[in-house]
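# Predicted model follows, preceded by the sequence.
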Amino acid sequence: MGFINPSQILDQHLELKKNMIAADFGCGSGEWAIALAKILANGKVYAIDLLEEPLSSVKSKARIEKLENIETVKNNIEKTISRLLSNSLDLVLMTNLLFQTSDKKTAFDQAQRVLKPGGKVLVVDWSENAKIGPAQKVSAQEIKQIAQETGFLAQKEFLAGNFHFGIIFEKK
């Protein structure tokens, strides 16, 4: 199984349509945002991160891949993302994000605000028993609890490589 393969996970676990609008919360250097933008060829991907350096990397990768459907947004996902309108997105990614987020509930509150009814959240994070990765990990159970309290239903759980778990939530 190996390490995470964003394209494979997006392909196998989500029913994506080319015209969807999505956001990658805490996009980092953009592996997930780039993979998603390739699938959503007629849609749009907002790559959101707190730091300018990763956003610059996303822009460069998008240029190299000739992807014009990615917009980078500098924003803390623990605060209101004013660039994203309420009820406007089909999908939010939270990949390798929640283990390093102090206010996980606010991240889900933001997803709840920006997603259309029936919109999905894909969470991929470090498994608690992974021998590598960060010292502090977040449990799937804690994530499910926060998501439920914020108005999401867990739809599917899966292994995302040898070191990560995945959960798909739907906005009620």
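Done, it's in.

# Where does residue 146 fall, secondary structure wise?
When elements are defined using DSSP states H and E, residue 146 is found to belong to helix 140-149.

# Give me the contacts around that helix.
Judged by C-beta atoms under 8 Å, 6 or more residues apart in numbering, the contacts made with helix 140-149 from elsewhere in the structure are 98, 104-105, 108, 121, 123, 125, 128, 154, 157, 165, 167, 169. The C-beta positions use only the backbone N, C-alpha and C, and glycine is treated the same way.

# Next: stretch 33-43.
Applying C-beta under 8 Å, 6+ apart, the external contacts of stretch 33-43 come out as 6-7, 10-11, 16-22, 24, 27, 45, 47, 58, 61-62, 65, 67, 69-70, 90-91, 93.

# Go through the longest strand along the chain and flag the buried ones.
With residue count as the measure and DSSP state E as the assignment, the chain has strand 115-126 as its longest strand. If you call a residue buried by 16 or more other C-beta atoms under 10 Å, then strand 115-126 has these buried ones: 115, 119, 120, 121, 122, 123, 124, 125, 126.

# helices and strands around the helix of greatest length in the chain, which ones?
When secondary structure is assigned using DSSP state H, the longest helix within the chain turns out to be helix 52-64. The elements that helix 52-64 packs onto, with contact taken as 3 or more C-beta pairs under 8 Å, 6 or more residues apart in numbering; DSSP states H and E, are helix 31-39, strand 44-49, strand 70-74.

# Could you pull up the mean pLDDT of that helix?
When pLDDT is averaged along helix 52-64, the result is 98.

# For it, C-alpha coordinates in CSV please.
Written as CSV, here are the backbone C-alpha positions of helix 52-64 (Å, rounded to 0.1, in the frame of the first residue of the first chain):
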residue,chain,number,x,y,z
GLU,A,52,3.1,32.3,1.7
GLU,A,53,5.9,29.8,0.9
PRO,A,54,3.6,26.8,0.3
LEU,A,55,1.2,28.9,-1.7
SER,A,56,4.0,30.0,-3.9
SER,A,57,4.9,26.3,-4.4
VAL,A,58,1.3,25.6,-5.4
LYS,A,59,1.3,28.4,-8.0
SER,A,60,4.6,27.1,-9.5
LYS,A,61,3.3,23.5,-9.7
ALA,A,62,0.0,24.7,-11.2
ARG,A,63,1.9,26.7,-13.8
ILE,A,64,4.1,23.7,-14.7
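
# mind listing what's buried in that helix?
Applying a neighbour-count criterion of 16+ other C-beta under 10 Å, the buried positions in helix 52-64 are 54, 55, 57, 58, 61, 62.

# Within the sheet, what are the partner strands of the helix or strand hosting residue 24, with directions?
The secondary structure element spanning residue 24 is strand 21-25 (assigned by DSSP H and E). Strand 21-25 pairs in its sheet with strand 44-49 (parallel), strand 89-95 (parallel), by DSSP bridges.
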